[in-house]
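Trainee: Quick one, fold the following:
(chains A and B)
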Amino acid sequence: MAYPDRYAMLLSSLPYHGPLFGAKQTPLSRIRLNQRLALLDPLEAEWLRDARRLLEWAQQEPEHTDAEAIMRAKRLIDGIASPFIRDLVTWRLELRTLVAALRRRHRGEPAPRDPRWGFGRWLIRISGHWNEPDFGLAGAFPWLPEAKRLLDRGASVELERLLLGAVWSHLERVSDGHYLDFEAIVIYVLRWDMIARWTKYDGEEAAQRFDGLVEKALSAVEGLHLPAVGPQPERA
Amino acid sequence: MNEFVIALGWAGLFAPMALGAIGSVIGCAVAGQAAIGAMVDTESGYGRYIGVSVMPSSQVIYGIVIMFSLQREVTPQSAPALFGIGLLAGLALLFSAMRQGQACASAIHASKTKPEIFGLSLAPAAIVEGFAVFAFVFALVLAGGIPE
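Mentor: Sure, this is the predicted structure:
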């Protein structure tokens, strides 16, 4: 975009999002956000769309293998000309690689041999320090020891909160010096996505779904025909 | 050679006005678009946003006054002083207007979320205005000492 004043207009039209964990809903709806992002230059809008395609869980393709997902990520990142967005997306994917490594090790798997199991610059280091609690990366990622502790405890919600908090803090750091520019808009949109994700979590609905899955599994074992996923009438 | 010096003198004479106008154009455009964005997101206080967004227009007024204070016969004796004072005053007005526009845009952005900080959020823009006034006043003072 040739005119930085358009960024000022766009940013001023976006309501303040507030802190992540205090949010009850997104500061504006997805439709309105997309309407306002139409002010972006088409090329910049495409970079932002590609970044969100890589980072939003809802836009992932679960039927793909790790290797396919990594190839897709590399292809999309190579198409993003903005170094700021490239670095942000790369950092997020590296974080997910670290979490994937923690989960694999938690399941008792050995260090991966296929280099296409994760993304970024830490793959060799993770494999080489597989048996160290923090893969020798606690200096670069101070939240790693805590993440391992929470994973060992099975505290999924706390782990999610820790990871989202780490991402939120990283966005805070990289936003320094960006006020009325494209980078500030990118940060806002990524934060909006995080708020959308956090506020969508529903403990009650999750418990109902979990109960449904358990019922389904039990019915399969016992050879009974029970309703699949969904709330059970006898539950309080 | 004299013609070149005289040309510089004329450039210096018009510089505060021209550079001040360029700065005001940029500053008002940035702050103005921020005001438009804020109006999209809010239900009231529109006049306040527009009022803040025109703050960078003062630089072009200072430039006009400096230009008139420098106005005299352009001779080889007066031209270097006209060039020096006019150009530097113009540059000061140009940059102060541009930066003030950004400060105003930030003030609009911040006060939209927290209306109670409206006055305080204008402090950076007011300080930038103060520096523009310095350039303006001392350009006037020095203009009185230019040889005819």
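Trainee: Quick check, pLDDT for the closest residue to A:Glu183 other than its chain neighbours.
Mentor: With C-beta to C-beta, 6 or more residues apart in numbering or on different chains as the criterion, A:Glu183 has its nearest non-adjacent residue at 4.9 Å, and that residue is A:Phe84. The C-beta positions use only the backbone N, C-alpha and C, and glycine is treated the same way. What the model reports as pLDDT for A:Phe84 is 90.
Trainee: what do you get for A:Gln232?
Mentor: As predicted, A:Gln232 sits at a pLDDT of 45.
Trainee: repeat for A:Leu164
Mentor: If you check A:Leu164, the pLDDT there is 90.
Trainee: now A:Gly203
Mentor: Looking at A:Gly203, its pLDDT is 64.
Trainee: One more: A:Val157?
Mentor: For A:Val157, the model assigns a pLDDT of 85.
Trainee: The chain: helices as residue ranges?
Mentor: Unless you meant another one, I'm taking chain A. The residue ranges that make up the helices of chain A, judged by DSSP state H, are A:4-12, A:30-37, A:42-55, A:66-78, A:83-106, A:123-128, A:144-153, A:156-174, A:182-200, A:203-222.
Trainee: switch to chain B, that's the one I care about
Mentor: Assigned by DSSP H, chain B shows helices spanning B:2-41, B:46-53, B:58-70, B:79-113, B:118-121, B:123-143.
Trainee: Return the set of buried residues in the second one.
Mentor: What it means is helix B:46-53. For helix B:46-53, the buried set under the neighbour-count rule, 16 or more other C-beta atoms under 10 Å in any protein chain shown, comprises B:Arg48, B:Tyr49, B:Ile50, B:Val52, B:Ser53.
Trainee: what's near enough to touch the closest residue to the fourth one other than its chain neighbours?
Mentor: If the residues on either side of it in the chain are set aside, B:Val52 comes closest to B:Cys104, at 5.1 Å by C-beta to C-beta, 6+ apart. With contact taken as C-beta atoms under 8 Å, 6 or more residues apart in numbering or on different chains, B:Cys104 is in contact with B:Gly27, B:Val30, B:Ala31, B:Ala34, B:Val52, B:Ser53, B:Met55, B:Pro56, B:Leu122, B:Ala125.
Trainee: of those, closest to A:Arg209?
Mentor: Using C-beta to C-beta, B:Ala34 is the member of the contacts of B:Cys104 that lies nearest A:Arg209, at 44.4 Å.
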